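> Have a look at this fold, sequence not included:
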């Protein structure tokens, strides 16, 4: 039987994470909640940023959760896809920008 690349999130994994570093996990959860509250940026915008960043970091768990959270905060499919395209441009742009290192090394 083929093993998935990423395990399905489960209560067992969550319990083990808490068992191994409960205070750090508690602090992280508090930080995470605070980051996404309404502020200078609306929480929907923050979730769209998170969707974009999740695609750049290629975290499948983050992609799923922040996409669902963005939808719950009123983001449309078009807004989510546009955020993903911004992420794609930024990732490609970084490759082009860093070509300066290769060009410099070719001297």
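Received, thanks. If you're wondering where the values come from, they're calculated on a predicted model, not measured in any experiment.
> Enumerate the positions of the top helix by length along the chain that are buried.
Taking DSSP state H as the criterion, the chain has its longest helix at helix 77-105. Buried residues in helix 77-105, counted by 16 or more other Cβ atoms under 10 Å: 79, 80, 83, 84, 86, 87. Where you see a C-beta, it was placed from the backbone N, CA and C, and this is true even at glycine.
> So for that helix, mean pLDDT?
Throughout helix 77-105, pLDDT has a mean value of 95.
> cool, and stretch 44-51?
Stretch 44-51 comes out at a mean pLDDT of 98.
> Which residues does stretch 50-70 contact?
Identification of contacts with stretch 50-70 by Cβ atoms under 8 Å, 6 or more residues apart in numbering yields 6, 9, 36, 44, 47-48, 75, 79-80, 83-84, 86-88, 90-91.
> Check what pLDDT residue 1 gets.
Residue 1 is assigned 66 on the pLDDT scale.
> wait, residue 5
85.
> now residue 8
88.
> With the flanking residues excluded, which residue is spatially nearest to the residue most central in space within the chain?
In the chain, the centroid-proximal residue (Cα atoms, centre = their mean) is residue 54; its distance is 2.4 Å. Leaving aside its sequence neighbours, residue 54 sits nearest to residue 62 (Cβ to Cβ, 6 or more residues apart in numbering; 3.6 Å).
> any idea how far that neighbour is from residue 87?
Distance of residue 62 to residue 87, computed by Cβ to Cβ, to the nearest Å: 12 Å.
> now residue 13: how far from residue 77?
For residue 13, the distance to residue 77 - Cβ to Cβ - is 30 Å.
> hmm, back to that, of the contacts of stretch 50-70, closest to residue 17?
Using Cβ to Cβ, residue 9 comes nearest to residue 17 of those, at 10.2 Å.
> which SS class is the closest one?
coil (DSSP: H, G, I helix; E, B strand; the rest coil).
> Chain neighbours aside, what residue packs nearest to it?
Nearest to residue 9 is residue 61, by Cβ to Cβ, 6+ apart, at 6.3 Å.
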